[in-house]
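Undergrad: What would the 3D arrangement of this be:
(one chain, ligands or ions: 4)
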Amino acid sequence: MVDAARTNVPRGEFDFDCVPETDQSFENALAKASDGERLTVADGIELMTTGSDREGIDLERKEAVLEAADRRRAEMVGDEVTFVANLNNNVTTACNTGCLFCNFKDTAQQFEEGSEETHDGFTKTPAESREIVESARETGIYEVTSVSGLHPGLALDDEHLEILDASDRGDLNYKPPAAYETDPGTYVAQMEAMNVEGIHLHSMTPEEAYHARRGTDWSYEEVYGRLADAGLDSVPGTAAEILVDEVRGVICPGKIGSDEWVEAMEAAAEVGLDTTATIMYGHVENEAHRVMHLKRIRDLQDRTDNITEFVPLSFVHPNTPLAERGMIDSGATTHEDELMIAVSRLFLDNVENVQSSWVKYGDEQGLKMLSCGANDFMGTILSEEITKRAGGKFGEARSFAEYVEMITAIGRTPVERSTDYRQTRVIDSADPPFGPELGPAADGTPLVSDTEGRAASETVADD
Ligand SMILES: C[S@@+](CC[C@H](N)C(=O)[O-])C[C@H]1O[C@@H](n2cnc3c(N)ncnc32)[C@H](O)[C@@H]1O
Ligand SMILES: Nc1c(NC[C@H](O)[C@H](O)[C@H](O)CO)[nH]c(=O)[nH]c1=O
Ligand SMILES: N[C@@H](Cc1ccc(O)cc1)C(=O)O
Ligand code: SF4
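TA: Ligands and ions are numbered 1, 2, ... in the order given. Below you'll find the predicted structure:
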């Protein structure tokens, strides 16, 4: 065979029923993809593996898949590269769910009043969240994204707290907030606090929504409805990981199952909220699982039509329990990353936007992804905890100047967007300084200075 590259997929180490074997041929699958036909799971597996009958990734075939995806991207959304002026505000790192891919969380006992244990995590009160979002609003952000650990003291609202307090069930992952050094308030109180005038609030993953209804018979519609009343605007489709239960059983046995994740997303759509969708790949799963995941997302979008973007999140391995326990020894290879982006574009014919994450891929590879099927380059985020704690080294912020420089360097058009992509603004690269204009207090002033943006990424990269 010409030039075959290794993959990082563990073969045979985990006893999975789903394996990447099909009776389709790579050539047929590629022809269907190039013609814009809807792909089957078997087609997707052929493209993702560059031929399931061969070992490793065939580099010539990979190029053909990337080209087909790049063409499809140009047809579907054109040459603009979008990004959003946003801020990450994680409320708490306290979490007992124990996902083996995650080093964001700290066990919640460490946060209890009087605990002798030290930790480097945090919990913010609603007042603290409000202050952070208020000051970011003044700098010009459009959106705040907030995802957090499942703190045992967090409940949906006061009514939920009463139900949890009255319950004698020991299996609810609940402890009264008063038992903790810092009271995170309720989810509703946090939403109200972050719902600063005109700011788009992107929060409450399906897993958080599950936590916000534990011990009750409330539906996900009820929960997302109350959150929307408190100011929630859209829902991050994280916690998806791999939507195949045999994989979830290995990497996140404490999380809700795939069906329940889908149920929560449908409920969010039902109450009128937009969502994003993600996949976290490059750990124990194989290519069949990746494509089965894409199929679940495509089926969901056929029903809801509320998924604004798809975000492949490449697993960052160094400091995670999966690595510490010797279950994996690296993440996806660059070839696998590129195929993940490309096959997402080709398979998800009903999702317009595919995001390239500079947090996960870095600038150079992140830019390359914009020619492999992706069209969105994420957001400024200004603070990053999840990937940093897992050992990621690509920094915590990007300035508008960096975005404009990077996107024009590859011959594409930089475009500021709203979270839902309904508002977009083409940026004239010949007209500095560059700053956001879509946020409620945005007046074109740079969000982070060019030097600050770079300094943040360089400091982390030098560690
Ligand atoms: C850290 S959780 C926070 C929200 C909430 N606790 C939940 O699980 O939905 C958000 C997402 O970060 C992603 N993530 C966590 N650790 C990661 C890692 N090591 N590499 C890549 N993505 C990771 C996962 O997809 C996870 O669903
Ligand atoms: N890909 C990552 C994201 N993406 C989310 C975006 O920043 C934004 O919130 C979304 O596009 C909605 O507008 N966020 C992270 O924190 N880390 C990533 O790796
Ligand atoms: N915060 C998530 C990524 C994310 C957040 C919101 C989204 O809509 C999409 C992705 C992470 O770092 O892994
Ligand atoms: S991914 Fe979310 S639920 Fe799982 S351990 Fe990390 S913070 Fe907790």
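Undergrad: Quick check: residue 372 touching residue 68?
TA: No: Residue 372 lies out of contact with residue 68 (C-beta atoms under 8 Å); the separation is 10.2 Å. Just so you know, the C-beta spots here come from the backbone N, C-alpha and C atoms, and that holds for glycine as well.
Undergrad: Could I get the pLDDT score of the nearest residue to residue 145 once chain neighbours are set aside?
TA: In space, and not counting its chain neighbours, residue 145 is closest to residue 202: 4.6 Å by C-beta to C-beta, 6 or more residues apart in numbering. Looking at residue 202, its pLDDT stands at 99.
Undergrad: How about the contacts made by residue 202?
TA: For residue 202, the contacting residues are 86, 143, 144, 145, 146, 233, 234, 235, 236, 276, 419, by C-beta atoms under 8 Å, 6 or more residues apart in numbering.
Undergrad: give me that answer again for 7 Å
TA: Shown in contact with residue 202 (C-beta atoms under 7 Å, 6 or more residues apart in numbering): 143, 144, 145, 233, 234, 236, 419.
Undergrad: ok, is whichever strand or helix holds it in contact with ligand 1 or not?
TA: For residue 202, the element it lies in under DSSP states H and E is strand 200-203. No: Strand 200-203 stays clear of ligand 1 (C-beta under 6 Å from any ligand atom), getting no nearer than 9.5 Å.
Undergrad: mind listing the helices for the stretch 101-250 of the chain?
TA: Secondary structure of the stretch 101-250 of the chain (DSSP state H, counting those that start in this stretch): helices located at 126-139, 158-166, 187-194, 206-211, 220-229, 245-251.
Undergrad: Excluding residues flanking it in the chain, which one is nearest the residue of the stretch 101-250 of the chain found nearest ligand 4?
TA: Residue of the stretch 101-250 of the chain nearest ligand 4, by C-beta to the nearest ligand atom: residue 102 (3.2 Å). Leaving aside its sequence neighbours, residue 102 sits nearest to residue 320 (C-beta to C-beta, 6+ apart; 6.7 Å).
Undergrad: quick one: pLDDT of the one you found?
TA: On the pLDDT scale, residue 320 is placed at 97.
Undergrad: near ligand 3, which residues of the protein?
TA: By the rule C-beta under 6 Å from any ligand atom, the part of the chain lying against ligand 3 is 145, 147, 236, 238, 276, 278, 311, 313, 386, 387.
Undergrad: any idea how far the fourth one is from residue 33?
TA: Meaning residue 238. 27 Å (C-beta to C-beta, to the nearest Å).
Undergrad: quick one on the thing from earlier: quick one, which of the helices of the stretch 101-250 of the chain is nearest to residue 397?
TA: Smallest distance to residue 397 across those (C-beta to C-beta): 11.5 Å, for helix 126-139.
Undergrad: Other residues contacting that closest one?
TA: With contacts defined as C-beta under 7 Å, 6+ apart, helix 126-139 is touched by 87, 89, 91, 144, 185, 189-190, 193-194, 196, 199, 382, 440-441, 447.
Undergrad: Looking at these, state which has the most neighbours.
TA: Among those, the one with the most neighbours (other C-beta atoms under 10 Å) is residue 190, at 29 neighbours.
Undergrad: Next one: that residue from ligand 2, what distance?
TA: 17 Å (C-beta to the nearest ligand atom, to the nearest Å).
Undergrad: so what's that residue up against?
TA: 91, 126, 129, 184.
Undergrad: Repeat that for residue 87.
TA: 136, 141, 144, 381, 382, 383.
Undergrad: Can you say which helix or strand has it in it?
TA: If you go by DSSP H and E, residue 87 is part of strand 86-88.
Undergrad: Could you list the low-pLDDT ranges of the stretch 301-450 of the chain?
TA: 449-450 (pLDDT under 70).
Undergrad: what does it put close to ligand 4?
TA: Counting by C-beta under 6 Å from any ligand atom, no residue of the stretch 301-450 of the chain is near ligand 4.
Undergrad: Return the residues of the stretch 301-450 of the chain in contact with ligand 1.
TA: Residues of the stretch 301-450 of the chain lying close to ligand 1 by C-beta under 6 Å from any ligand atom are 313, 315, 316, 320, 386, 390.
Undergrad: Let's have those residues in a markdown table, adding secondary structure.
TA: Below are these laid out as a markdown table (DSSP: H, G, I helix; E, B strand; the rest coil):
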| residue | secondary structure |
| --- | --- |
| 313 | strand |
| 315 | coil |
| 316 | coil |
| 320 | coil |
| 386 | helix |
| 390 | helix |
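Undergrad: out of those, which one sits closest to ligand 3?
TA: residue 386 (4.0 Å).
Undergrad: what sits against the closest residue to the closest one other than its chain neighbours?
TA: Leaving out its chain neighbours, the residue that sits closest to residue 386 by C-beta to C-beta, 6+ apart is residue 104, at 4.6 Å. With contact taken as C-beta under 7 Å, 6+ apart, residue 104 is in contact with 93, 149, 385, 386, 389.
Undergrad: Could you measure from residue 104 over to residue 238?
TA: 11 Å.
Undergrad: Near residue 350, how many other residues are there?
TA: Per other C-beta under 10 Å, the neighbour tally for residue 350 reads 14.
Undergrad: Then residue 60?
TA: 11.
Undergrad: Check the secondary structure at it for me.
TA: Strictly by three-state DSSP, residue 60 counts as helix.
Undergrad: same check, this time on residue 64
TA: Here residue 64 is recorded as helix under three-state DSSP.
Undergrad: Next, the contact list for the residue nearest to it when sequence neighbours are not counted, please.
TA: Distance criterion C-beta to C-beta, 6+ apart; nearest residue to residue 64, sequence neighbours excluded, is residue 30 at 5.9 Å. The contact partners of residue 30, taken as C-beta under 7 Å, 6+ apart, are 47, 64, 65, 68.
Undergrad: before we move on, back to that, more neighbours, residue 238 and residue 33?
TA: Per other C-beta under 10 Å, whichever of residue 238 and residue 33 has more neighbours is residue 33, with 27 against 20.
Undergrad: can you tell me the helix or strand for that one?
TA: Assigning secondary structure by DSSP H and E places residue 33 in helix 26-34.
Undergrad: for that helix, which positions count as buried?
TA: For helix 26-34, the neighbour count (16 or more other C-beta atoms under 10 Å) marks 26, 29, 30, 32, 33 as buried.
Undergrad: Over to stretch 343-361?
TA: Going by neighbour count (16+ other C-beta under 10 Å), the buried part of stretch 343-361 is 343-349, 351-361.
Undergrad: How about stretch 155-168?
TA: Buried residues in stretch 155-168, defined by neighbour count with 16+ other C-beta under 10 Å: 155, 156, 157, 160, 161, 163, 164.
Undergrad: Show me the two of those that sit farthest apart.
TA: So, these by C-beta to C-beta: farthest apart are 157 and 164, at 11.0 Å.
Undergrad: does stretch 397-408 come close to ligand 2?
TA: No: between stretch 397-408 and ligand 2, judged by C-beta under 6 Å from any ligand atom, nothing touches; the nearest distance is 10.2 Å.
Undergrad: could I have that stretch exported to CSV, CA atoms only?
TA: What follows is stretch 397-408, C-alpha atoms only, in CSV (Å, rounded to 0.1, in the frame of the first residue of the first chain):
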residue,chain,number,x,y,z
ALA,A,397,-8.2,33.6,24.4
ARG,A,398,-8.0,34.9,20.9
SER,A,399,-8.2,38.6,20.0
PHE,A,400,-10.1,39.9,17.0
ALA,A,401,-6.8,41.0,15.5
GLU,A,402,-5.5,37.5,15.8
TYR,A,403,-8.6,36.1,14.2
VAL,A,404,-8.5,38.6,11.3
GLU,A,405,-4.8,38.0,10.7
MET,A,406,-5.1,34.2,10.7
ILE,A,407,-8.3,34.0,8.6
THR,A,408,-7.0,36.4,5.9
